[in-house]
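K.L.:
This is the structure alone, sequence omitted:
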């Protein structure tokens, strides 16, 4: 069995339910480029499975290679160990000490080509917890009842021999958890989770089955654009996305009188268009790399950069020429976050650095309204924002 269905799977469930046409469009779309980020994610998932199944120290796996990606000390300290710490924190939240564990659980909906692989299922007499590891930095994902991927796994597990026996509806509660260590770098909790009620899961399963039925039986399904388009392979050529682009180009955001609601809508659509533009360029580049034609474009060499052929030989040559050794190497103290990891590995207290660490914002950034950071309100006299005032240059 393949790890994920292309018709209806965990990572694509939200897209298929909201845009039934996406299946046919993706099947006809150009083959997407292989992502090194996805390859690294696959390698890290394998490490997590081995560590949990065999109860080994992840440091003993340094050098493990899969999909052309090799596990490094930084990977363990910044990703693997924090993920394990969050897993322990999740269990502690529910006072779980003894449990059954299933890693890389293959789950499938009965009677249709809808299946996937759940990273971890934790089972106790009271709780059934579905956990998904996320190691990417680009898109932060939240656990809980709104997470379609985890709902897909829970619904499929309820129908799969070997996992459906775990459901004891009279006593068990289902928890959906995301563990994403890079979220901490953005000031957000790397562990998010929540329970889902049985009737909510029932509704979602009905939506999955209805979407698969429409995809299988109906022709000329209309594509629908939305947030679910972000990772769709057909987005660069999708009629619905092209229609959005054309509509956006007819608007003039520079008008001096613009409704706040309309402006907010424009920003959201502009964000989606930026993602779409990147997808178009990525698809075109991939086609050229495969030797296919993209009208009006070609591949060319980037600007050449100079590198040392042999650093030891270069160093000796420069020293012989009279350059001081200390001037040949740049030295930079590791970041506070990296220092905390090093302290923890050495058995020290990560909090020991707090007295020599300060937090200073580099300015402001525009974020969605549901971002957990507090809003900065600019007073009408223009004196708020609490940011350093740039010095005026004398002319």
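P.N.:
Yep, that arrived. What you see is a predicted model; the values in this text were computed from it and never measured. Numbering: from 1, shown residues only.

K.L.:
Helices of the stretch 251-395 of the chain, residue ranges please.
P.N.:
260-289, 311-320, 336-345 (DSSP state H, counting those that start in this stretch).

K.L.:
Make a markdown table out of those helices and add distance to residue 295.
P.N.:
The C-beta positions use only the backbone N, C-alpha and C, and glycine is treated the same way. Below are these laid out as a markdown table (distance: least, Cβ to Cβ, whole Å):
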| stretch | distance to residue 295 |
| --- | --- |
| helix 260-289 | 10 |
| helix 311-320 | 44 |
| helix 336-345 | 46 |
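
K.L.:
Using TSV, please lay out those helices together with mean pLDDT, mean neighbour count and distance to residue 89.
P.N.:
Putting those into TSV (pLDDT from 0 to 100; neighbours: other Cβ atoms under 10 Å; distance: least, Cβ to Cβ, whole Å) gives the following:
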stretch	mean pLDDT	mean neighbour count	distance to residue 89
helix 260-289	84	14	32
helix 311-320	92	11	43
helix 336-345	83	15	15
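
K.L.:
between the ones you listed, which one is nearest to residue 204?
P.N.:
helix 260-289 (24.5 Å; Cβ to Cβ).

K.L.:
The closest one - contacts with which helices or strands?
P.N.:
If you count contacts as 3 or more Cβ pairs under 8 Å, 6 or more residues apart in numbering; DSSP states H and E, helix 260-289 packs onto helix 239-249.

K.L.:
Which elements pack onto the helix it packs on?
P.N.:
Based on contacts counted as 3+ Cβ pairs under 8 Å, 6+ apart, the elements that helix 239-249 packs against are helix 260-289.

K.L.:
Quick check: the residue nearest to residue 237 when sequence neighbours are not counted vs residue 172, distance?
P.N.:
Closest residue to residue 237 apart from its sequence neighbours, by Cβ to Cβ, 6 or more residues apart in numbering: residue 29 at 6.5 Å. Between residue 29 and residue 172 the computed distance is 41 Å (Cβ to Cβ, to the nearest Å).

K.L.:
now residue 197
P.N.:
In terms of Cβ to Cβ, residue 197 sits 12 Å off from residue 172.

K.L.:
Which of the two has more residues huddled nearby?
P.N.:
residue 172 (16 against 11; other Cβ atoms under 10 Å).

K.L.:
The more buried one reaches residue 127, doesn't it?
P.N.:
Yes. In terms of Cβ atoms under 8 Å, residue 172 counts as a neighbour of residue 127; the distance is 6.6 Å.

K.L.:
Leaving out chain neighbours, which residue sits closest to residue 122?
P.N.:
Distance criterion Cβ to Cβ, 6+ apart; nearest residue to residue 122, sequence neighbours excluded, is residue 129 at 4.1 Å.

K.L.:
For the one you found, what is the enclosing helix or strand?
P.N.:
strand 127-133 (DSSP states H and E).

K.L.:
mind listing what residue 176 touches?
P.N.:
With contact taken as Cβ atoms under 8 Å, 6 or more residues apart in numbering, residue 176 is in contact with 129-130, 143-145, 147, 150-151, 154, 193-196.

K.L.:
ditto for residue 183
P.N.:
140, 189, 190.

K.L.:
most neighbours, which of those residues?
P.N.:
Using other Cβ under 10 Å as the neighbour criterion, residue 190 leads those with 20 neighbours.

K.L.:
pLDDT at it, what is it?
P.N.:
Looking at residue 190, its pLDDT stands at 96.

K.L.:
on that earlier part again, and the average pLDDT for the next helix or strand after the strand holding residue 129 is what?
P.N.:
Counting by DSSP H and E, the next helix or strand C-terminal to strand 127-133 is helix 148-157. Averaging pLDDT along helix 148-157 gives 97.

K.L.:
helices or strands next to helix 148-157 in the packing?
P.N.:
helix 13-18, strand 100-108, strand 115-123, strand 127-133, strand 173-179, helix 198-217.

K.L.:
mind checking which of these is nearest residue 74?
P.N.:
Closest of the helices and strands packed on helix 148-157 to residue 74 is strand 127-133, at 17.1 Å (criterion: Cβ to Cβ).
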